[in-house]
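**Student:** Build me a model from this:
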Amino acid sequence: MKPEEILLFALGAVAVIVAVRWVTEKTGLPAAVLLTLIGIIYAYMPGPNVELEPEWILTFILPPLLYNAALDSSLLDIRRNMRTVISLSVVLVLVTALLIGVGFSLWVAGATLAAGVALGAAVAPPDPVAALAVGRRAGLPGKLVTLIQGEGLLNDATALTILTVAVTAEQTDNFNFDNAVGKFVISAFGGVLVGIAVAYAVRMLKALRADPLNSNALSLITPLAAYLICENSFVHHYVFISGVLAVVVAGLIIGHDTPRYATGASRLQTSAVWRLIDFLLEGAVFLLIGMQVPDVLRGLSNYSTSTIVIALSITLGVVLLLRPLWLVATQLLPRPLHTRLGGQEGSEADDDNSTTMREAPLNSKEVTALSWAGTRGVITLAAVFTLPHGFPDRELLFFCAISVVLVTLVGQGLTFAPLVRRLGLRANEKDKARLRNEARSAAVRAALDRLDDIQEQQHDNVEEEAMETMRRQLEVRLDRYRRRLDLLDQVESHELPKSPQYEAALMVRQAVIDAEREELLRWRDAGRLNDDSLRVLNRELDHEELVLPKRPKD
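**Tutor:** I've put the predicted structure just below:
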């Protein structure tokens, strides 16, 4: 493509992504589904098309997407549910790949076990982007969100490692199971170590992270650096290390450390930059997925209809049926072997009368919702398109993979929100609001204690009147949080109680900010205030407005 065509395509893609977001907000339809369908329609229209380059996807798109998802995840929640996450993101992915591989070797004419395992590895990992985008809007409980996030972060590394082992098995004659297991363990262990090393290297650059621009630049290069350390040819000459896992581990640790090691201005700016990058990259990827459909269909001319139907049936059958069966089976395991899938923390007494924390298994509604959250997406297409030219049944594998993506994105993506609502699964917003207000109250009390310490030290440069003004402001906030907690305690449902006084206070605060902004604009338009000063003052109002919720949530 010529530079002008590339620019025109990029502008058109951004326009489509923005338009789809607007439609999604108005209708509630999944953006991933709409973008994929638009990509398919565009591919059949005259004009230049864009071919999916897997190396670009794996190097420049997946690391930032996974890193941003890891930054927004909870390291503590994932660690608390680690056995569950391992069950879904490692064991289930491995079983899915093996079952599809065995199915291909037994029933697809001419297919090898390695080719089937390669396809199984590509379609095994669910992409949590679409499921979480819909699930959060539908009010999916936080524990299910944590499980989907944790699974989506780690299953990519598992799948890509299995895919590499399968390709090696197909292309070499000296492959054996012991070597495959050893390679997998080394890859995963090495990825974790590199991720930890990168995270601690970033922590050592605390001084640089104080400046918002430096913090942004450092944040943008971190996932690419973690991936490059593992995936460069020099390292691969000696050992295979999972760059995807390194990116995820680094993101989890850095996200956990950010409140402690970054300034407020750096966090605000970095968060805004990553939201924009995530928004554009995800949209572009789903458009690209749709654009590959015509080429994939043209590659099926060498296969009989029965071969295509059998291959697709095996792939879809394993993908759609194994996940719910796996989730149900893990609930039926004996207590010592239970994978502790989700559930609320409870307590039970052991033999010496001490109290230990445990997790209750998922109930049937939660299993159903988690089973239906298995949408496949960008990692599946990127993985299968990395298969080298000449790989057995390459075109058939492409078709099965993209069919799985379309079926799960459209079928599960469109029905996930209605299913969650029909099951009555709702996040307990009242408990979340209570926890936030209790934490706010504790923070204000800590601030008041610090004021007492400052007063006792008798700083000459601190005026008593300023101290008392600050104390009154903190006491007003503390009183507001206490009244909010009292209101929450009076409501029996899980929904947030509506307070006319609270909503009115928000309306007044917004009206005051609007009035200030309008007056500043009048000063600027009258020539009494230059644009530089206007930007400074507007930024102050913007930060004040930023803390106002769009609707009363807390």
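
**Student:** I figured Glu5 was touching Val50, is that so?
**Tutor:** No. When contacts are counted by Cβ atoms under 8 Å, Glu5 is not listed as touching Val50 (9.9 Å). No exception for glycine: its C-beta is placed from N, CA and C like everyone else's.

**Student:** tell me which helix or strand of this structure sits lowest on mean pLDDT?
**Tutor:** For the chain, using mean pLDDT, DSSP states H and E, the weakest element among its helices and strands is strand 345-349, scoring a mean of 42.

**Student:** ok, Leu387 - how many residues close by?
**Tutor:** Other residues within reach of Leu387 by the criterion other Cβ atoms under 10 Å amount to 23.

**Student:** Can you report phi and psi for it?
**Tutor:** Leu387 has phi and psi values of phi -60, psi 130 when expressed as degrees, to the nearest 10.

**Student:** From what I see, it and Leu397 are in contact.
**Tutor:** Yes. Applying Cβ under 8 Å as the test, Leu387 and Leu397 come out as touching, 6.5 Å apart.

**Student:** intersection of neighbour lists for the two?
**Tutor:** Common contacts of Leu387 and Leu397, defined by Cβ atoms under 8 Å, 6 or more residues apart in numbering, comprise Ala118.

**Student:** isn't Cys230 right up against Gly243?
**Tutor:** Yes. With contact defined as Cβ under 8 Å, Cys230 counts as touching Gly243 (3.6 Å).

**Student:** Need the overlap of contacts for the two.
**Tutor:** Counting by Cβ under 8 Å, 6+ apart, the common neighbours of Cys230 and Gly243 are 191, 194.

**Student:** okay, those two: which has more neighbours?
**Tutor:** Under the neighbour definition other Cβ under 10 Å, Cys230 and Gly243 were set side by side, and Gly243 has more, 31 against 24.

**Student:** give the contact list for that one.
**Tutor:** Contacts of Gly243 were listed using Cβ under 8 Å, 6+ apart, and they are 63, 191, 194, 226-231.

**Student:** try Val384
**Tutor:** Residues counted as contacts of Val384 (Cβ under 8 Å, 6+ apart) are 118-119, 122-123, 397-398, 401-402.

**Student:** any idea which of those is closest to Gly251?
**Tutor:** Compare each of the contacts of Val384 with Gly251 using Cβ to Cβ and the shortest gap goes to Ala122, at 22.9 Å.

**Student:** and the gap between the residue nearest the centre of the chain and Val293?
**Tutor:** Most central residue of the chain, judged by C-alpha distance to the mean C-alpha position with Cα atoms, centre = their mean, is Ala69 at 3.5 Å. From Ala69 over to Val293 the distance is 26 Å, taken as Cβ to Cβ, to the nearest Å.

**Student:** looking at this, Asp278 is in a strand?
**Tutor:** No. According to DSSP: H, G, I helix; E, B strand; the rest coil, the state of Asp278 is helix, so it is not within a strand.

**Student:** List the buried residues of stretch 139-148.
**Tutor:** In terms of neighbour count (16 or more other Cβ atoms under 10 Å), stretch 139-148 has its buried residues at 139-141, 143-148.

**Student:** Kindly apply the preceding question to stretch 75-88 instead.
**Tutor:** The neighbour-count check on stretch 75-88 (16+ other Cβ under 10 Å) flags 75, 77-78, 80-81, 84-88 as buried.

**Student:** Show me those residues that map onto strands.
**Tutor:** Assignment to strands by DSSP state E places none of those there.

**Student:** could you dump those to TSV with pLDDT and distance to Ile254?
**Tutor:** What follows is the buried residues of stretch 75-88, written out as TSV (pLDDT from 0 to 100; distance: Cβ to Cβ, whole Å):
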residue	pLDDT	distance to Ile254
Leu75	81	10
Asp77	76	16
Ile78	78	14
Arg80	77	19
Asn81	76	20
Thr84	78	23
Val85	81	19
Ile86	85	22
Ser87	86	26
Leu88	88	24
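
**Student:** Now the two most distant members of those residues.
**Tutor:** Checked with Cβ to Cβ, the buried residues of stretch 75-88 reach their widest spread between Leu75 and Ser87, with 18.5 Å between them.

**Student:** hang on, the earlier thing: give the buried subset of the contacts of Gly243 as a ChimeraX selection command.
**Tutor:** One line in ChimeraX is enough to select the buried ones among the contacts of Gly243; burial here means 16+ other Cβ under 10 Å:
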select :63,191,194,226,227,229,230,231
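
**Student:** Closest to Ala433 out of the contacts of Gly243?
**Tutor:** When the contacts of Gly243 are compared for distance to Ala433 (Cβ to Cβ), Pro63 comes out closest, at 35.4 Å.

**Student:** ok, so what distance separates that closest one from Glu516?
**Tutor:** Counting by Cβ to Cβ, the gap from Pro63 to Glu516 is 42 Å.

**Student:** who's in contact with Lys206?
**Tutor:** With contacts defined as Cβ under 8 Å, 6+ apart, Lys206 is in contact with Tyr261.

**Student:** okay, it: pLDDT?
**Tutor:** What the model reports for Lys206 is a pLDDT of 80.

**Student:** quick one, strands of this structure?
**Tutor:** According to DSSP E, the strands that the chain contains are 345-349, 355-359.

**Student:** returning to that earlier point: now the buried residues of stretch 75-88 in a markdown table, with distance to Ala526?
**Tutor:** Rendered in a markdown table, the data for those read as follows (distance: Cβ to Cβ, whole Å):
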| residue | distance to Ala526 |
| --- | --- |
| Leu75 | 52 |
| Asp77 | 53 |
| Ile78 | 55 |
| Arg80 | 58 |
| Asn81 | 59 |
| Thr84 | 62 |
| Val85 | 60 |
| Ile86 | 65 |
| Ser87 | 66 |
| Leu88 | 62 |
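
**Student:** Quick check: helices, which of those are part of them?
**Tutor:** Judged by DSSP state H, those include 75, 77-78, 80, 84-86 as members of helices.

**Student:** Show me which of those is closest to His256.
**Tutor:** Within those, distances to His256 taken as Cβ to Cβ reach their minimum at Leu75, with 4.2 Å.

**Student:** show me the contacts for the closest one.
**Tutor:** When contacts are counted by Cβ under 8 Å, 6+ apart, Leu75 is found next to 252-253, 255-256.
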